[in-house]
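>>> need a 3D model of the sequence below.
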Amino acid sequence: MSQSPLPESDLTPGAVLRRLRTRRLGRAYEFLSACTSTNDVVRGCAAAGAAEGLVIVADSQSAGRGRLGRSWHSPPGQNLYLSLLLRPALPARQVTPLTLLAGAALARTLAEAGATPRLRWPNDLLVPAAGEFRKAAGILSEMATDGEGVRHIVMGVGLNVNSQDLPPELARRATSLCMAFGRAFDRVQLLVDFLAAFEATYDDFLARGPASGLADWRRHADLGRVCRIGQDGTKVEGVATDIDESGALLVRDDAGHVHRMVSGESG
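The predicted structure follows:
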């Protein structure tokens, strides 16, 4: 991992830890001026035995990525690029809702900051811009397993906070909080509020299952619209009606048949 000298930043450990309200998430915290991908860094720390709750934040990424191998635009000094290490003592089949739960926590954080977020299954957060909803954040969860159990999960979050412009290939479908709402946002406050919100959601998930967190996701969800989703080499078109207890999307086609989508993306 190549790393350049740390610049002056509001995301340094001293600034963040003074405002952190969590019991464990983010108590082990590291800030990098640059890295390839925060998910890659946390995955390496996980392999070396790092404990649950580690948070790595980078000021920029040279190879930030989203789902399906897409790159994530990661310029310095503007946005939030973070990854969180989780080690739930659960079977792998039970942790699939965690990406949605992280989205719900992020949406709640942004709503409390004065934004009006909307969640699009499975991992996108949108905000209103130029008369439509455009993507401002994405979540990438990567899991390692031991047999049927979870070894670790790396939860990556990319949030466009204070970018003033985007590359042409992104400008028509993405935005930032600053571009959408016409003001700068405090990156540290968003970070510490998200960690607090997600810790509460995660603890509830471990104790009682995903129902409460998924209900929170529904409150911000982009449901009731026509979507097209590719899964297993086929395309399903219909109305996104709900999610089930595992976080799968339920899509009703024109014939009234409900399809349960466990992978793919809605568009």
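>>> and the spatially most central residue of the chain, which of the three is it?
Nearest to the geometric centre of the chain sits Ile139, at 2.6 Å (C-alpha atoms, centre = their mean). Recorded secondary structure, Ile139: strand (DSSP: H, G, I helix; E, B strand; the rest coil).
>>> that one against Ala102, yeah?
Yes - Ile139 lies in contact with Ala102 (C-beta atoms under 8 Å); the separation is 5.1 Å. C-beta coordinates here come from the backbone N, C-alpha and C atoms, glycine included.
>>> give the intersection of the neighbour lists for the two.
Residues within reach of Ile139 and of Ala102 at once, by C-beta atoms under 8 Å, 6 or more residues apart in numbering, are 155, 157.
>>> which residue comes closest to Ser60 once chain neighbours are left out?
Once flanking residues are discounted, Ser60 sits nearest to Pro76: 3.8 Å by C-beta to C-beta, 6 or more residues apart in numbering.
>>> for the one you found, list the residues it contacts.
Pro76 makes contact with 7, 33-34, 59-60 under the criterion C-beta under 8 Å, 6+ apart.
>>> mind pulling up the pLDDT for it?
Per-residue confidence at Pro76 stands at 79 (pLDDT).
>>> so what does it have for phi and psi?
Torsion angles at Pro76 (phi, psi; degrees, to the nearest 10) stand at phi -80, psi 150.
>>> one more: Ala136?
phi -120, psi -10.
>>> where does the stretch 51-200 of the chain dip in pLDDT?
65-72 (pLDDT under 70).
>>> quick one: the strand or helix carrying Ser83 to chain centroid distance?
Assigned by DSSP states H and E, Ser83 falls within strand 80-86. The chain centre lies 9 Å from the centre of strand 80-86; the measure is C-alpha atoms, centre = their mean, to the nearest Å.
>>> same question for stretch 105-114.
Per C-alpha atoms, centre = their mean, the centroid offset for stretch 105-114 relative to its chain is 13 Å.
>>> so which residues make contact with it?
With C-beta under 8 Å, 6+ apart as the criterion, stretch 105-114 contacts 117-119, 125, 127, 137, 139, 157, 159, 177, 181, 185, 189-190, 193-194, 197-198, 200-201, 213, 216-217, 219-220.
>>> so who does Gly26 touch?
By C-beta under 8 Å, 6+ apart, the neighbours of Gly26 are 16-17, 20, 53, 55, 84, 191-192, 195.
>>> take those and keep only those in strands.
Judged by DSSP state E, strands contain the following of the contacts of Gly26: 55, 84.
>>> at which residues are the helices of this protein located?
For the chain, the helices defined by DSSP state H occupy 13-17, 38-47, 98-112, 168-171, 177-181, 187-208, 211-219.
>>> can you say which of the ones you listed is packed in most?
Among those, helix 98-112 has the highest mean neighbour count (mean count of other C-beta atoms under 10 Å), at a mean of 23.
>>> quick one: residues contacting the closest residue to Ala174 other than its chain neighbours.
Spatial nearest neighbour of Ala174, chain neighbours left out: Lys135 (4.7 Å); criterion: C-beta to C-beta, 6+ apart. Lys135 is in contact with 120, 124-126, 173-175, counting by C-beta under 8 Å, 6+ apart.
>>> could you check how far Lys135 is from Val42?
Distance of Lys135 to Val42, computed by C-beta to C-beta, to the nearest Å: 23 Å.
>>> nearest to Arg260, of the contacts of Gly26?
Ranked by distance to Arg260 (C-beta to C-beta), the contacts of Gly26 are led by Leu84 at 28.2 Å.
>>> re earlier: and the helices of the chain: which comes nearest Lys235?
Of all those, helix 98-112 sits nearest to Lys235, with 22.1 Å by C-beta to C-beta.
>>> circling back to that earlier point, mind putting the contacts of Lys135 in TSV, distance to Ala240 included?
Below are the contacts of Lys135 laid out as TSV (distance: C-beta to C-beta, whole Å):
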residue	distance to Ala240
Arg120	9
Asp124	13
Leu125	16
Leu126	14
Arg173	18
Ala174	21
Thr175	22
